[in-house]
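Chemist: What would the 3D arrangement of this be:
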Amino acid sequence: MTDISSKSIEQISRRWVDLFKDRDGIAFAAQYSDTGEYIDHAFQLRRTGRESIALHIDIWSNSIPNFEMKIAKIDVVGSRSMFSFVGSGTFEKDLPTMAATGTTFSYRGFIVLSVNEQGLITRTEEFYSTSFPNGIPFEDYNFRGSSAPLVR
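Modeler: Residues are numbered from 1 along each chain as shown. Prediction:
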């Protein structure tokens with residue numbers, strides 16, 4: 001069990017989002033332990049250590065300079081924070097493995113942060129789809145009520 005409070009872990013998570021949006025990889029990576037990990041499941045990337053984590057954020061920020069992230073729902077269990085978010089921006093420059101589309105997008109994602117007793121992040125797991133450039137706002141999803149037939 002951890003000595004850090006649930007409220008503190010929630011604050012760390014909100015700061016994580018704010019620092020992600022600030023587009024400063026070094027400041028973002030400073031919230032990680034020396035051996036912290038950032039796992040991006042969409043692109044199947046595993047970054048270990050502050051320098052590698054800073055590079056990850058810098059690459060994303062260069063490609064999508066107006067990226068915004070808003071927490072939709074957050075829960076804290078033990079020393080972990082889990083939150084869904086809405087990410088949005090314009091895909092202006094290529095990522096290393098994906099060509100820029102120039103499109104504005106909105107997508108849903110999910111983050112799990114693990115925090116140590118010193119309040120540093122030891123691990124991030126990020127889940128979203130690599131089809132994010134085609135993402136639309138949640139409100140525009142194709143909705144089928146209970147009376148709508150299932151389409152297969």
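Chemist: Quick check: closest non-adjacent residue to residue 52.
Modeler: residue 38 (7.7 Å; CB to CB, 6 or more residues apart in numbering). Backbone N, C-alpha and C define where each C-beta goes, glycine included.
Chemist: can you give me the mean pLDDT across the helix or strand harbouring the one you found?
Modeler: Secondary structure assigned from DSSP states H and E places residue 38 in strand 32-40. Mean pLDDT, strand 32-40: 97.
Chemist: which helices and strands does that strand pack with?
Modeler: Secondary-structure packing of strand 32-40 (3 or more CB pairs under 8 Å, 6 or more residues apart in numbering; DSSP states H and E): strand 45-48, helix 50-63, strand 121-127.
Chemist: what would these look like in a markdown table with mean pLDDT and distance to residue 69?
Modeler: Shown next, in a markdown table, are the helices and strands packed on strand 32-40 (pLDDT from 0 to 100; distance: least, CB to CB, whole Å):
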| stretch | mean pLDDT | distance to residue 69 |
| --- | --- | --- |
| strand 45-48 | 96 | 18 |
| helix 50-63 | 97 | 11 |
| strand 121-127 | 98 | 11 |
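Chemist: Turn these into JSON lines, including mean neighbour count and distance to residue 107.
Modeler: JSON lines is the format used below for the helices and strands packed on strand 32-40 (neighbours: other CB atoms under 10 Å; distance: least, CB to CB, whole Å):
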{"stretch": "strand 45-48", "mean neighbour count": "16", "distance to residue 107": "17"}
{"stretch": "helix 50-63", "mean neighbour count": "18", "distance to residue 107": "13"}
{"stretch": "strand 121-127", "mean neighbour count": "19", "distance to residue 107": "11"}
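Chemist: Nearest to residue 33 among those would be which one?
Modeler: Set against residue 33 and scored by CB to CB, the helices and strands packed on strand 32-40 come closest in strand 121-127, at 5.1 Å.
Chemist: Just the residues contacting that closest one, thanks.
Modeler: 12, 16, 31-33, 35-42, 109-116 (CB atoms under 8 Å, 6 or more residues apart in numbering).
Chemist: Now do the contacts for the residue nearest to residue 52.
Modeler: By CB under 8 Å, 6+ apart, the residues touching residue 38 are 32, 45-48, 52-53, 56, 123-124, 126.
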